[in-house]
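>>> next come a sequence and a model predicted from it.
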Amino acid sequence: MRAVDLIRKKRDGLELSNEEIGFLVKGYSEGDIPDYQMSAWAMAVYYQGMSARETADLTLHMAASGDMVDLSSIHGIKVDKHSTGGVGDKATIVLGPLVAAAGVPVAKMSGRGLGHTGGTIDKLEAISGFSVELGKEQFFNQVNDIGLAVVGQSGNMTPADKKLYGLRDVTATVDSIPLIASSVMSKKIAAGADAIVLDVKTGSGAFMKTLDDSIRLASAMVDIGTQVGRSTVAVISDMDQPLGHAIGNALEIKEAVATLRGEGPSDLQEVCLILASHMLVLGGKAESETEARMILKEKLESGAALDKLMAMVAAQGGDIAQIKDLALLPQAEILVEVKSVSSGYIESIQAEEIGIAAMILGAGRENKNSVIDLAAGVDLRKKIGDSVTIGETLAVLHLNKEHESGQEEAVNRVREAYGISSEKVQRRPLVFALVT
Ligand code: URA
């Protein structure tokens with residue numbers, strides 16, 4: 001088999017066999033196929049697409065390129081959740097404990113943040129002592145004991161995807177639906193869950209800016225899950241503004257805990273209840289989403305979900321005093337109010353711009369080696385649909401002295417991220433579609 005023949009075949013719109021896709025993935029991972037040939041193939045895929053079968057084959061070959069986690073020693077149906085990324089998305093920290101409290105084991109591997117999006121692992125590290133690196137046995141035992149563990153991804157998962165993603169990033173081939181779908185699903189499949197709930201974000205802060213593209217991506221991922229025997233559903237949720245009010249690591253932990261106390265923002269609580277309901281149904285703990293929702297609301301109201309978070313924090317070495325008293329979490333030295341320069345109604349909030357402002361203040365990473373400031377971030381005081389008058393606070397920036405030089409740029413970015421209309425504005429739906 002020769003790579004050039006497979007590139008030509010894809011260029012001409014023909015379907016590659018499982019064996020041919022395996023040849024490309026293995027050859028590229030092992031260095032036998034050079035970057036220039038793999039780039040040409042990725043560009044051919046970008047234009048010609050891939051069939052559902054080809055996409056599933058690519059996913060499985062990439063999943064098998066590194067460690068495949070075997071969760072079979074954990075009792076029960078393991079359900080994973082994945083978000084395609086957004087700004088202020090702390091859903092895992094709320095719904096992990098919520099779902100675990102309802103009896104579905106959550107053995108979650110999460111990522112770190114890069115650029116304008118945050119990562120669950122960084123957020124959890126805002127809690128002093130919290131360890132995101134557990135040995136396999138400890139990870140499995142913890143899930144069997146308390147129903148919940150969240151750790152960083154193992155070093156050698158899906159190396160083929162890592163290499164191909166790096167190549168796509170510099171060859172303008174990231175935004176190909178079959179390539180994104182197989183990249184995301186290869187990681188989920190390698191992580192070992194029996195069932196997967198996908199939160200596909202749509203809007204200004206999302207990978208997919210339009211609803212049509214988001215539905216196409218969700219369908220491609222659900223098709224892969226179905227083809228490889230992992231029940232998968234996708235919820236298309238709004239990322240035309242950040243989720244909740246807090247953006248930044250310690251700020252997001254505070255908001256997640258407030259939500260588990262029943263005192264969080266309604267959008268965050270609602271998205272978590274919707275995603276968690278699907279997890280309960282897939283995990284066999286509820287017959288329908290309506291029944292799941294009743295169970296979950298009871299777990300919130302009784303404090304059982306908050307207790308689960310505390311049990312996880314304690315088991316992973318974190319300081320639960322900081323969960324009981326949120327003022328003990330890292331706090332920024334400087335608070336800066338961003339004031340509105342006009343009156344009206346909030347019409348839009350460019351989530352990506354808010355994420356970049358938070359990054360400039362130190363909450364995110366400009367590159368892989370950046371060190372983040374756990375206390376820094378942005379607290380939004382106005383969301384879409386709210387009224388505002390001149391001089392009123394739109395958002396509060398949290399920063400430490402080391403990032404004071406970025407303050408002016410962050411203030412401008414946050415102010416400009418807000419679109420203000422003189423007409424009354426309808427609140428946006430939180431969820432647009434369900435793909436099964
Ligand atoms: N996230 C991924 O993991 N892979 C992609 O291709 C795009 C976003």
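Thanks, I have the structure now. Residues are numbered from 1 along each chain as shown.
>>> show me where this protein has strands.
Ranges of strands within the chain are 79-83, 106-110, 148-152, 195-202, 231-238, 246-247, 334-339, 344-349, 377-380, 387-388, 393-399, 418-421, 431-435, based on DSSP state E.
>>> nearest to the ligand, of those?
For these, the distance to the ligand is smallest for strand 79-83, at 8.9 Å, taking CB to the nearest ligand atom. Every residue, glycine included, has its C-beta placed from N, CA and C.
>>> how far away from the center of its chain is the closest one?
Here the centre of strand 79-83 is set off from its chain's centre by 9 Å, with CA atoms, centre = their mean, to the nearest Å.
>>> so that strand versus strand 231-238, what angle?
Computed by axes from the mean of the first three to the mean of the last three CA atoms, to 10 degrees, the angle separating strand 79-83 from strand 231-238 equals 30 degrees.
>>> list the residues that contact the closest residue to the ligand within the stretch 151-300 of the chain.
Closest residue of the stretch 151-300 of the chain to the ligand, CB to the nearest ligand atom: residue 183 (3.4 Å). If a contact means CB atoms under 8 Å, 6 or more residues apart in numbering, then residue 183 has 62, 161, 164-165 as its contacts.
>>> of the strands of the chain, which stretch is the most buried?
With neighbours taken as mean count of other CB atoms under 10 Å, the strands of the chain reach their highest mean count in strand 246-247, at a mean of 30.
>>> other SSEs contacting that strand?
helix 249-260, helix 351-360, strand 377-380 (3 or more CB pairs under 8 Å, 6 or more residues apart in numbering; DSSP states H and E).
>>> that one - what's its average pLDDT?
The pLDDT scores in strand 246-247 average 98.
>>> same question, stretch 328-337
98.
>>> got the CA positions of it in CSV?
Extracted in CSV, the C-alpha atoms of stretch 328-337 (Å, rounded to 0.1, in the frame of the first residue of the first chain):
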residue,chain,number,x,y,z
LEU,A,328,-10.8,30.7,51.6
LEU,A,329,-10.3,30.0,47.8
PRO,A,330,-7.6,32.1,46.0
GLN,A,331,-8.7,35.7,45.9
ALA,A,332,-7.4,38.4,43.6
GLU,A,333,-5.8,41.6,45.0
ILE,A,334,-7.5,44.0,42.6
LEU,A,335,-11.1,44.3,41.5
VAL,A,336,-11.9,46.5,38.5
GLU,A,337,-15.5,47.4,37.5
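>>> how close does the closest residue to residue 404 other than its chain neighbours sit to residue 376?
Leaving out its chain neighbours, the residue that sits closest to residue 404 by CB to CB, 6 or more residues apart in numbering is residue 334, at 7.0 Å. Here residue 334 is placed at a distance of 10 Å from residue 376 (CB to CB, to the nearest Å).
>>> identify the contacts common to these two.
Common neighbours of residue 334 and residue 376 are listed as 398-400 (criterion: CB under 8 Å, 6+ apart).
>>> near the ligand too, which of these?
When contact is defined as CB under 6 Å from any ligand atom, the shared contacts of residue 334 and residue 376 do not meet the ligand at all.
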